[in-house]
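Engineer: Pasting a predicted model and its sequence here:
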Amino acid sequence: MLTDKIELRKKFRQLRRELSAEQQQEASTQALQIIVNHRLLEESEHIALYLSRDGELSCHEIIQWCWQNSKKTYLPVLDPDQGQQLLFVEYTEQTPMLNNRFAIPEPVIESSNVTLIDQLDCIFLPLVAFDENGNRLGMGGGFYDRTLAEIDNLARSPQLFGFAHDCQQASSLSTESWDIPVHKIVTPSRIISV
Ligand SMILES: Nc1nc2c(c(=O)[nH]1)N(C=O)[C@@H](CNc1ccc(C(=O)N[C@@H](CCC(=O)O)C(=O)O)cc1)CN2
Ligand SMILES: Nc1ncnc2c1ncn2[C@@H]1O[C@H](COP(=O)(O)OP(=O)(O)OP(=O)(O)O)[C@@H](O)[C@H]1O
């Protein structure tokens, strides 16, 4: 099981890293088109995304679109107090940024910029592989799974969108008790509702 996951991660990380800069750019433009055409974010005001690395589908254009459309954006920050959990911190053009231990830029935490999960309308989750049932294989840190473990107990919970290239689709992923499935998968070519 564990070796299967390690092999799957290797395979799908390689696939997305093989995309050229042009393919990456086109994919992120098409993903924004799909989102706008489907009015996916029409009702959302507080939107968590991520800054891409390692061939991940880029949220850059969606972030720009959010700012132009008066929507607030948030990024994951490794929680300095809770092991292997994430905080979601507001991200604007003025936000001071600092790299985390994986060299991913994060907003610097201030007294008033950390949001509670129940204040978010939706969260775009990075992933290594997904399947048609909304199961996702992440980088292996368990960060999103831990952070969202209590999502079903919230009075108001965010919509979870797995965001990925089409080449990251696996035929079927095995799941474990702690895995949190997403509500939709968004790719540059389609939106899969689970
Ligand atoms: N863009 C992005 N941001 C994110 C995540 C993500 O998957 N993508 N995360 C989602 O959880 C969190 C960070 N989790 C991560 C987990 C593992 C590795 C990683 O690169 N591991 C390396 C080697 C480990 C190391 O450098 O110490 C590797 O596996 O090659 C990176 C981020 C929060 N921010
Ligand atoms: N809710 C949780 N409570 C405690 N440990 C957890 C929880 N969720 C995941 N873990 C632990 O995290 C580790 C990594 O899990 P997994 O391989 O499913 O991560 P992932 O889905 O790839 O990562 P991510 O959620 O960051 O995208 C596992 O050892 C698992 O036991």
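Structural biologist: In hand now; what should we look at? Ligands and ions are numbered 1, 2, ... in the order given.
Engineer: Could you report the distance from the closest residue to Phe143 other than its chain neighbours to ligand 1?
Structural biologist: Excluding the flanking residues, the one nearest Phe143 by C-beta to C-beta, 6 or more residues apart in numbering is Leu86, at 5.2 Å. Glycine gets a C-beta too; all of them are placed from N, C-alpha and C. From Leu86 over to ligand 1 the distance is 6 Å, taken as C-beta to the nearest ligand atom, to the nearest Å.
Engineer: near ligand 2, which residues of this protein show up?
Structural biologist: By the rule C-beta under 6 Å from any ligand atom, the part of the chain lying against ligand 2 is 137-146, 149, 176, 178-179.
Engineer: Including secondary structure and distance to Cys122, could the residues you listed go into CSV?
Structural biologist: Conversion of the residues of the chain next to ligand 2 to CSV gives the following (DSSP: H, G, I helix; E, B strand; the rest coil; distance: C-beta to C-beta, whole Å):
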residue, secondary structure, distance to Cys122
Leu137, strand, 21
Gly138, coil, 18
Met139, coil, 21
Gly140, coil, 24
Gly141, coil, 21
Gly142, coil, 21
Phe143, helix, 18
Tyr144, helix, 14
Asp145, helix, 17
Arg146, helix, 19
Ala149, coil, 18
Glu176, coil, 24
Trp178, coil, 21
Asp179, coil, 19
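Engineer: backbone phi and psi for Lys72, please?
Structural biologist: The phi/psi pair for Lys72 (degrees, to the nearest 10) reads phi -90, psi 140.
Engineer: That one - how many residues pack around it?
Structural biologist: Counted by other C-beta atoms under 10 Å, the residues lying close to Lys72 total 18.
Engineer: so when I look at Thr29, I'm seeing a helix, right?
Structural biologist: Yes: assessed by DSSP: H, G, I helix; E, B strand; the rest coil, Thr29 belongs to a helix.
Engineer: list the contacts for it?
Structural biologist: Contact analysis of Thr29 by C-beta atoms under 8 Å, 6 or more residues apart in numbering lists Glu61.
Engineer: and with 6 Å instead?
Structural biologist: Contact analysis of Thr29 by C-beta atoms under 6 Å, 6 or more residues apart in numbering lists nothing.
Engineer: quick one: buried residues of the helix or strand hosting Val36?
Structural biologist: Per DSSP states H and E, Val36 falls inside helix 21-37. Residues of helix 21-37 classed as buried by neighbour count (16 or more other C-beta atoms under 10 Å): Gln24, Ala27, Ser28, Gln30, Ala31, Leu32, Ile35.
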